[in-house]
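Student: Whatever this is, show me its structure:
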Amino acid sequence: MKNSVDVRTLLSVYEKIKTQGKPIEFGSQLEDIKCTESHDGYSVSLSDEHVSLDINFHNTYHFHTMNEDPESVINQTTTEFHNNNETQIQAFLKKLEEIDKNY
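Tutor: Modelled structure (predicted):
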């Protein structure tokens, strides 16, 4: 994965969505980004319609995209699959940067 993100920034965005977003079932939403947290508070998630991002204890994180399995995507090479996922993740990160900047 080409992404190198600052976990502190991600947590800052999470807090902004949580405090300034509208309440939804199991979390909050600001613009089209939703945030939720685990029942124990050790992990939080940020998501939109294409990507979800889990931020775990010890500042580890993992991205999930709509099409996680290259074998399930018809008529797409593995390279195209990875490029598509990377494009979705980069667009998602741009949304998070905008929220961080604007709120």
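Student: if I look at the nearest residue to T65 once chain neighbours are set aside, how far off is A91?
Tutor: Leaving aside its sequence neighbours, T65 sits nearest to N85 (CB to CB, 6 or more residues apart in numbering; 4.5 Å). C-beta here means a position set from N, CA and C on the backbone, and glycine is covered the same way. Separation of N85 from A91 (CB to CB, to the nearest Å) stands at 11 Å.
Student: Give me the more crowded residue out of these two.
Tutor: N85 (21 against 12; other CB atoms under 10 Å).
Student: and V51, how many residues sit next to it?
Tutor: 21.
Student: Leaving out chain neighbours, which residue sits closest to it?
Tutor: Excluding the flanking residues, the one nearest V51 by CB to CB, 6+ apart is F92, at 4.0 Å.
Student: try K95
Tutor: I33 (6.0 Å).
Student: Do I have it right that that neighbour meets K94?
Tutor: No. Taking CB atoms under 8 Å as the definition, I33 is not a contact partner of K94, at 11.2 Å.
Student: ok, these two, which is more surrounded?
Tutor: Comparing I33 with K94 by other CB under 10 Å, the one with more neighbours is I33, at 22 against 10.
Student: S12 is in what secondary structure piece?
Tutor: helix 7-20 (DSSP states H and E).
Student: do the same with I89
Tutor: Here I89 is assigned to helix 78-102, by DSSP H and E.
Student: Please spell out which residues along that helix are buried.
Tutor: Judged by neighbour count (16 or more other CB atoms under 10 Å), helix 78-102 contains these buried residues: F81, N84, N85, Q88, I89, F92, L93, K95, L96, I99.
Student: I'd like to know how far the residue lying closest to the last one once chain neighbours are set aside sits from N84.
Tutor: Leaving aside its sequence neighbours, I99 sits nearest to V13 (CB to CB, 6+ apart; 5.3 Å). According to CB to CB, V13 stands 24 Å off from N84.
Student: try K34
Tutor: Relative to N84, K34 is positioned 22 Å away (CB to CB).
Student: Name all residues that make contact with V44.
Tutor: Neighbour list for V44: L11, Y14, C35, T36, E37, S38, D54, I55 [criterion: CB atoms under 8 Å, 6 or more residues apart in numbering].
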